[in-house]
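Undergrad: Curious how this folds, go ahead:
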Amino acid sequence: MREKLEFKNVNSPIIELCQLELRRESEKSSYVTVCPACNEGSLLMRRNHDTLKLSEFDRCLLCGQTVRYLDIEILRGREENG
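TA: Numbering: from 1, shown residues only. From the prediction side, this is the model:
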């Protein structure tokens, strides 16, 4: 079934959501979550290449769905405060 999911959502509208509400891929993972579009792929919490801050936008590694994290400032604050 994975073959059929690959990049099927790459041109879909961006989904806006809160990262903190997504299902984690494992108990040990703070940032890696299951894609809400395909329920099989992973969202890894990307970083800005220049600033190294967590990125507001992410993309599923399997289906290509783009998401925008509405709670990005909270996530960045958590990271800065340890």
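Undergrad: right, and the helix or strand after the lowest-mean-pLDDT helix or strand in the chain?
TA: In the chain, no helix or strand scores lower on mean pLDDT, DSSP states H and E than helix 2-5, which sits at a mean of 60. Downstream of helix 2-5, the next assigned helix or strand under DSSP states H and E is strand 15-17.
Undergrad: Please list the residues outside that next one that contact it.
TA: For strand 15-17, the external contacting residues (CB atoms under 8 Å, 6 or more residues apart in numbering) are 36-37, 65-70. In this view, the C-beta of every residue, glycine as well, is placed from N, C-alpha and C.
Undergrad: Buried residues of it, list them for me.
TA: Within strand 15-17, the residues scored as buried using 16 or more other CB atoms under 10 Å are residue 17.
Undergrad: what about that strand, distance to the chain center?
TA: What separates the centre of strand 15-17 from the centre of its chain is 10 Å, taken as CA atoms, centre = their mean, to the nearest Å.
Undergrad: contacting residues around the next helix or strand after it?
TA: Counting by DSSP H and E, the next helix or strand C-terminal to strand 15-17 is strand 33-34. The set of residues that contact strand 33-34 without belonging to it, under CB under 8 Å, 6+ apart, is 19, 22-25, 40-43, 45.
Undergrad: Based on its surroundings, how many neighbours for the nearest residue to residue 18 once chain neighbours are set aside?
TA: For residue 18, ignoring the flanking residues on the chain, the nearest one in space by CB to CB, 6 or more residues apart in numbering is residue 71 at 4.3 Å. The burial count assigned to residue 71 is 15, neighbours taken as other CB atoms under 10 Å.
Undergrad: dump the residue contacts of residue 71.
TA: Contacts here follow CB under 8 Å, 6+ apart; on that basis residue 71 touches 18-20.
Undergrad: distance of it from residue 56?
TA: The spacing between residue 71 and residue 56, counted by CB to CB, to the nearest Å, is 10 Å.
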